[in-house]
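In: After the sequence you'll find the predicted model.
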Amino acid sequence: MQPIHQSTSWARLQEHANEIKQLHLRDLMNDSQRCGSLYAEYDGIALDYSRQNVTATTMDLLFDLAATAGLDIKRAAMGSGNHINSTEDRAVMHMALRSPRSKRFVVDGADVVPDVHSVLDKISSFSEDVRSKRWVGATGKPLVNVISVGIGGSYLGPEFVYEALKTDPVGKETSAGRQLHFLANVDPVDVSRAISGMDPEETLVVVVSKTFTTAETMLNAKTLREWLLKSMNGVASGDVIRQHMVAVSSAVSKATDFGISESNVFGFWDWVGGRYSVSSAVGVVPLALHYGMDLTKEFLAGAHDMDVHFFETPMRQNLPVLMGLLGVWNSTFLGHETRAILPYSQALLRFAAHVQQLDMESNGKRVGTDGSVLPYKCGEIIFGEPGTNGQHSFYQLVHQGRVVPAEFIAFCESPSPTMVAGEPVSNHDELMCNFFAQPDALAFGKTVDELIAEGVPAHLHAHKEFPGNRPSLSVLFPALSARTCGQLLAMYEHRVAVQGFIWGINSFDQWGVELGKVLATKVRNAVSAARQSGQSDVAGFNPSTTTLLKKFLSHSNGSTK
């Protein structure tokens, strides 16, 4: 296949981008027919992308590019279980994790859905035993606290869902009297925070590591194992570990060597990438323990619903496809290197962090699937914060500094409706007023003529002028629930894949995280030797690193006291 950047479709979009740069959203937004055409809806989820720097012609050209890139073929290959993760020779099949029993997803000639549901049934049984107090701690106390130990995809996605459901009426009820903490960072401060307020006799630790070798996770797991054993000094260590520690891993033997009972190891497969693993035991175990399996299944059903939409809905009405194409347009053809995720919902306070890993680890690549260095940049720098907090943080830059394509997300209903007597609108309506106003402020801006009409002094015109013409899209859901949370998750997972398919990269490997780990091993050996010898001398590093290491090692080591 011809490289995508050498195609006629690509060249036409490059030429068209020059034309679009001459147009302002202030004018484009006055075209009601255009605005109406740049809108899609599915299952009550509205996607308004009329505030993107696009016209009907732009969208036609983007769909031509999708056809040239073979988006439909690549999407089908993914759903068919082909090994589209070519560098690791693996299928990409996280969709099977939320599939109903009645469906088939085939990997290497075998239907994997029965295996998925076998694990889900096992989780359901165990979580119900814990929640109903049939499974108790080593001293007989019920296990009402859970600490989930994992990093990266083993942490960010599950934490996003946990926070999203915290104020859900059902979630609030089913989690009453329970605590769920996440431990990711190897920094001992994170351990201290995770165990704060936790009674070890009432705490269950979930160790999440596919290989059971992840350095940060295993050190944290050993730290918590020591915490449990010291706290229950009079109880047999085997009993403590068996009753208080479970694992999510495919390395059963390593987990059992650690002391965890084989029956309490919940597996997943190599066709599940870490950042796509929220729907696997990685997310389901802690979520089911905290919220119960029924609510967790609603989350999985929502994700599956969006999977069906992505694989079966025509491209022009397909929400993940539309969002992915707009991402390629903004970053590759208009040159915008960042993207802001702006959920107008405090419940989504960890969503931007999850998308940051999901997107940047997937599409932050410099070579194509064939290994050739690409002449264009892939991936965007993702950041975000819930509204209205972000408005008082970085929106200054977004409005009057750099152009940052923004994605506004909101819900028609609040899980915690509040109305203060005497106020003109409810708290949620106040939030939503900002959700509707900010995209218009970005698109239209404010002109000097408008400032003059308002009587603003001339010396402030330049300071108070807003250029506008800043692209955004808005996604409006009916309400935040376990189901819509699953839909949101899957929508972003698939839009990431769409962008990778267009760019011709492998969105499912992550070799960029390896080098730092290798170098850290070398540093670890040097630090260990220096600590044992009591000397601060180190060798084998560049002058800069050597200087900093010596300073670190010569400092009073309070961390081991």
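Out: Cool, the structure landed. Numbering: from 1, shown residues only.
In: who touches the most centrally placed residue in the chain in this structure?
Out: Closest residue to the average C-alpha location of the chain: residue 354 at 2.3 Å, with Cα atoms, centre = their mean. By Cβ atoms under 8 Å, 6 or more residues apart in numbering, residue 354 lies in contact with 156, 157, 159, 160, 278. Quick note: C-beta positions are derived from backbone N, CA and C, even for glycine.
In: Top of those residues by number of neighbours, please.
Out: The most crowded member of these, judged by other Cβ atoms under 10 Å, is residue 278 (32 neighbours).
In: I'd like to know how far that one sits from residue 160.
Out: Applying Cβ to Cβ, to the nearest Å, the value for residue 278 to residue 160 is 8 Å.
In: can you list residues touching both of these two?
Out: 354, 489.
In: would residue 33 count as being in a strand?
Out: No. Counting by DSSP: H, G, I helix; E, B strand; the rest coil, residue 33 falls outside a strand, being helix.
In: What separation is there between it and residue 439?
Out: 19 Å.
In: okay, those two: which has more neighbours?
Out: residue 439 (22 against 8).
In: wait, isn't the more buried one in contact with residue 475?
Out: No. The pair residue 439 and residue 475 fails to qualify as a contact (Cβ atoms under 8 Å) at a distance of 11.1 Å.
In: anything in contact with each of these two?
Out: With Cβ under 8 Å, 6+ apart as the test, residue 439 and residue 475 both reach residue 408.
In: re the thing from before, can you pick out the most distant pair from the contacts of residue 354?
Out: 159 and 278 (9.6 Å; Cβ to Cβ).
In: Please list all residues in contact with the nearest residue to residue 139 once chain neighbours are set aside.
Out: Computed as Cβ to Cβ, 6 or more residues apart in numbering, the closest residue to residue 139 that is not its neighbour in sequence is residue 201, at 4.9 Å. Residues near residue 201 by Cβ under 8 Å, 6+ apart: 137, 138, 139, 141, 231, 232.
In: Could I get the contacting residues of the closest residue in space to the fifth one that isn't next to it in sequence?
Out: By that I understand residue 231. Closest residue to residue 231 apart from its sequence neighbours, by Cβ to Cβ, 6+ apart: residue 200 at 3.8 Å. When the contact criterion is Cβ under 8 Å, 6+ apart, the partners of residue 200 are 227, 228, 231, 232, 244.
In: Give the buried residues for stretch 542-550.
Out: Across stretch 542-550, burial judged by 16 or more other Cβ atoms under 10 Å covers 549, 550.
In: Kindly export it (C-alpha atoms) in CSV.
Out: C-alpha atoms of stretch 542-550 as CSV (Å, rounded to 0.1, in the frame of the first residue of the first chain):
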residue,chain,number,x,y,z
ASN,A,542,27.8,10.5,32.4
PRO,A,543,29.3,13.5,34.3
SER,A,544,25.9,15.1,34.9
THR,A,545,24.2,12.0,36.3
THR,A,546,27.4,11.2,38.4
THR,A,547,27.3,14.6,40.0
LEU,A,548,23.6,14.3,40.9
LEU,A,549,24.0,10.7,42.2
LYS,A,550,26.9,11.7,44.4
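In: got the contact list for it?
Out: The contact list for stretch 542-550 (Cβ under 8 Å, 6+ apart) reads 523, 526, 527, 536, 537, 538, 539, 541.
In: Quick check on those residues: which are buried?
Out: Buried among the contacts of stretch 542-550 (16+ other Cβ under 10 Å): 526, 538, 541.
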